[in-house]
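Asker: Sequence and predicted structure, then a few things I'm wondering about:
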Amino acid sequence: MADFSQILATRPDFDDSDREWLHHLVADWQVIADLSFADLLLVLQKGDGSFVIAEQCRPSTVMSLRVDDLVGSTMDPEFTGELTEAMRSESIYHSSILRTIGGSTVCNVYAPIRHDGKTLGLVVRETNLATRESNGRYESESISAGKRLFTMIPRGQFPYKDAVLNQRHNARVADGFIILTVDGDVQYASPNGISCFRRLGMLDTMEGGNLGEIGTGLIHENDPVSESLPIVLLGKAAMDTEMDANRSAVSMRSLPLMDDQGRTGAIVLCRDVTELRRREVELQTKDATISEIHHRVKNNLQAVSALLRLQARKTKSDEVKKELKEAQRRVQTIAMVHEGLSQSADEVVDFDKVIANLLRMSVDLASMSEQHISIDFVGKFGMMPAQDATPLSLVLTELITNAVEHGYEGRTEGHIVVSVGREGNHLSICVEDDGNGIDHEEQNGMARTSGSGLGTQIINTFVTNDFGGTVTWEPAREGGTRVVLDIKLRAA
């Protein structure tokens with residue numbers, strides 16, 4: 001079934017501004033449906049004269065008449081005549097046909113969508129006549145306000161052309177609404193609307209008072225005040241704002257009501273967002289704390305690396321100097337994995353990004369100045385938790401370092417390929433070089449050591465004990481060495 005954008009694309013006579021106007025309309029017409037206690041349909045005329053439903057809106061304040069999705073459906077041919085008449089009308093057009101939907105008697109009311117001097121289509125308000133019987137003050141004021149907004153559509157006054165909406169949690173009709181006169185006096189306030197202002201500290205009756213004066217009276221000396229607050233409280237423009245007072249926060253949005261002569265009043269929607277803001281502050285505090293922890297860990301790792309580098313410079317023993325440099329490289333490996341983790345809100349890291357830089361750094365550190373050894377990657381490691389990312393990084397850097405130091409000894413060029421295949425939490429990794437051969441890199445089924453043997457212990461301990469996997473050394477097909485790791489991630 002076609003969606004809204006696809007249906008609009010079938011009308012080549014619509015320019016970009018026409019399509020944008022219709023998109024603005026359906027983005028904002030929920031307030032009309034909620035106030036009117038009615039379903040809304042956006043209907044466009046096709047080239048053959050029939051009418052198609054391009055979009056629909058169900059009210060959230062009453063049970064919808066429409067259970068099924070009607071977008072893409074064609075209107076019943078019996079309505080073609082009055083739909084055509086409504087398209088020619090310049091104001092609200094009332095249907096002369098009563099019909100039954102799901103046991104409810106319904107009367108259609110049509111609002112031609114006027115934009116830049118032409119009629120783009122119709123908004124159909126499906127009025128359930130049962131919602132117009134025995135209504136109290138709340139229902140009567142709500143329906144009246146909905147009708148006033150609905151009549152603004154043919155005049156091109158709704159949707160609003162210059163609306164300024166910045167709030168993330170916009171108020172809805174059910175959250176609370178206030179009807180204002182042209183001077184900003186409260187004509188009616190819904191129970192939820194009154195409750196919002198009670199949270200802000202209001203004690204007096206709202207009705208009859210000026211909302212701007214009521215709001216101003218609730219603000220204390222140190223309360224933050226938005227520049228848009230007076231405009232919203234008086235209903236002078238289509239804007240939203242937030243009011244903070246009495247340790248509470250209320251999100252507000254003003255919808256000016258207009259007739260042919262101009263503004264006649266406004267609807268102000270309001271929503272108590274106190275708890276939402278409190279939770280946001282808590283999350284910001286937690287994020288700041290986590291960020292600070294990451295920063296301190298990073299600084300500490302850098303300090304350890306710097307101390308090892310200084311100690312290596314001071315020692316006179318070449319063997320000790322080499323071991324200290326190896327320790328420094330391992331600390332840098334852990335630091336880079338941690339850096340990758342600190343970029344994400346979750347304790348997972350895009351391992352492909354981390355390991356690519358890490359192994360290239362390992363090649364540069366292990367190779368001599370006259371050597372040019374490149375490294376390529378085949379396949380994807382994917383996302384990986386820190387519990388697995390750190391030890392696997394150490395294993396791979398040890399393998400790459402071993403390949404460069406022993407496999408390319410006495411050679412000026414070389415190429416290493418790291419291939420990976422992943423299925424769920426199972427990883428098969430192959431590190432293959434075109435160096436001097438397996439005899440130079442492998443010793444008794446383990447990496448050849450030229451010092452303390454810590455690198456060999458790291459590879460075997462992590463692969464065997466932590467990952468429950470295996471390490472296999474074998475000759476490469478065209479010379480060099482091939483190391484295959486078969487491991488199972490613990491936290492995937």
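Answerer: Good, I have the coordinates. Quick caveat, the model's predicted, so the values are computed rather than measured. Numbering: from 1, shown residues only.
Asker: ok, longest helix in this structure?
Answerer: The longest helix of the chain (DSSP state H) is helix 274-314.
Asker: Next secondary structure element downstream of that one?
Answerer: Scanning forward in sequence from helix 274-314 by DSSP states H and E, the next helix or strand is helix 318-342.
Asker: For that following helix, which outside residues touch it?
Answerer: The contact list for helix 318-342, computed with C-beta atoms under 8 Å, 6 or more residues apart in numbering, reads 291, 294-295, 297-298, 301-302, 304-305, 308-309, 311-312, 315, 347-351, 353-354, 357-358, 361-362, 365, 386, 389-390, 393-394, 397, 401, 451-452, 454-455, 458. No exception for glycine: its C-beta is placed from N, CA and C like everyone else's.
Asker: now that helix, how far from the chain's geometric center?
Answerer: Using C-alpha atoms, centre = their mean, to the nearest Å, the mean C-alpha position of helix 318-342 is found 36 Å from that of the whole chain.
Asker: Return the angle between stretch directions for that helix and helix 274-314.
Answerer: Relative orientation of helix 318-342 and helix 274-314, computed by axes from the mean of the first three to the mean of the last three C-alpha atoms, to 10 degrees: 170 degrees.
Asker: From the contact counts, what lies against the longest helix of the chain?
Answerer: Helix 274-314 makes packing contacts with strand 248-259, helix 318-342 when contacts are defined by 3 or more C-beta pairs under 8 Å, 6 or more residues apart in numbering; DSSP states H and E.
Asker: mind checking which of the ones you listed is nearest residue 378?
Answerer: Closest to residue 378 of the helices and strands packed on helix 274-314, according to C-beta to C-beta: helix 318-342, at 20.6 Å.
Asker: Nearest residue to the middle of this protein?
Answerer: Geometric centre of the chain, nearest residue: residue 168, 11.9 Å, by C-alpha atoms, centre = their mean.
Asker: Can you read off the pLDDT for that one?
Answerer: Predicted confidence (pLDDT) for residue 168: 77.
Asker: roughly how far apart are it and residue 276?
Answerer: From residue 168 across to residue 276, the span is 9 Å (C-beta to C-beta, to the nearest Å).
Asker: just residue 472 next, same as before
Answerer: Taken as C-beta to C-beta, the span from residue 472 to residue 276 is 56 Å.
Asker: And these two? Which one has more around it.
Answerer: Between residue 472 and residue 276, counted using other C-beta atoms under 10 Å, the more crowded position is residue 276 (14 against 11).
Asker: Would you mind measuring from the nearest residue to that one once chain neighbours are set aside to residue 273?
Answerer: Excluding the flanking residues, the one nearest residue 276 by C-beta to C-beta, 6 or more residues apart in numbering is residue 169, at 5.8 Å. From residue 169 across to residue 273, the span is 5 Å (C-beta to C-beta).
Asker: low pLDDT regions in this protein?
Answerer: 1, 290, 336-338, 340-346, 440-455, 491-492 (pLDDT under 70).
Asker: related to what we said a few turns ago, got the phi and psi for the residue nearest to the centre of the chain?
Answerer: As for residue 168, its main-chain torsions (degrees, to the nearest 10) stand at phi -80, psi -30.
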